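Structure here, sequence nowhere to be found:
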């Protein structure tokens, strides 16, 4: 997936630093959506999980290789459908990442956007966050407020995905 920001300025393509503009732009959009929703403090791991899940959704849904600021509003419905509860999001991410890896291998050039997306996906899969147990029996937890109910270790993507989905709704 070659983005305009990845082409060198002199056309030689040899040895220059390639800026991962597509990933950085997807991350920026995700960050803005989450900050606008004001759902979590921006310094929390939950915020990072939401930002990374949403950035992956934005980056991987860009099949034309042209993330455009003008099209952001027109893409909200697509992102909502991709992050919906009944969608097999993690399977979709794996398939799209594999396809991009094959394309990058065929292109033979650096793929810094893909490398950053892979790092985000790895973090989302390997990191677990302590979250409320949504499958717990109501009222069966410890006495007190909601924050004192039963908690379980949850993969970061399972926490970040609904957070990103809600941020899109609130936008």
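All right, it came through fine. Quick caveat, the model's predicted, so the values are computed rather than measured.

which residue packs closest to the residue minimising distance to the centre of the chain, ignoring adjacent ones?
With distances taken as C-alpha atoms, centre = their mean, residue 53 lies nearest the centre of the chain, 2.5 Å away. Closest residue to residue 53 apart from its sequence neighbours, by C-beta to C-beta, 6 or more residues apart in numbering: residue 160 at 3.7 Å. The C-beta positions use only the backbone N, C-alpha and C, and glycine is treated the same way.

what pLDDT does the one you found get?
Predicted confidence (pLDDT) for residue 160: 92.

correct me, but residue 33 touches residue 55?
No. With contacts counted by C-beta atoms under 8 Å, residue 33 stays clear of residue 55, the gap being 9.7 Å.

got a list of contacts for whichever strand or helix holds residue 129?
Element membership of residue 129 [criterion: DSSP states H and E] is strand 128-132. Contacts of strand 128-132 with the rest of the structure, by C-beta atoms under 8 Å, 6 or more residues apart in numbering, involve 45-46, 49, 146, 149-156, 159.

List the buried residues of stretch 40-59.
Within stretch 40-59, the residues scored as buried using 16 or more other C-beta atoms under 10 Å are 40, 46-59.

pLDDT averaged over that stretch, what's the number?
Throughout stretch 40-59, pLDDT has a mean value of 94.

Which parts of this structure are strands?
For the chain, the strands defined by DSSP state E cover 128-132, 151-155.

Out of the ones you listed, which is closest to residue 23?
If you check each of the strands of the chain against residue 23 by C-beta to C-beta, strand 151-155 wins as the nearest, at 21.3 Å.

partner strands of the closest one, parallel or antiparallel?
Using DSSP bridges, the strands paired with strand 151-155 are strand 128-132 (antiparallel).

The strand it pairs with: how far from the chain's middle?
Put simply, strand 128-132 sits 18 Å off its chain's centre (C-alpha atoms, centre = their mean, to the nearest Å).

Which ones among the buried residues of stretch 40-59 lie within helices?
Here DSSP state H is the test, and the buried residues of stretch 40-59 give 46-59 as lying in helices.

between those, which is closest to residue 18?
Closest to residue 18, out of all of these and judged by C-beta to C-beta, is residue 59, at 15.7 Å.

Nearest residue to that closest one in space, please, no chain neighbours.
Distances taken as C-beta to C-beta, 6+ apart place residue 26 nearest to residue 59, at 3.9 Å, with adjacent residues excluded.

Alright, I will stop here.
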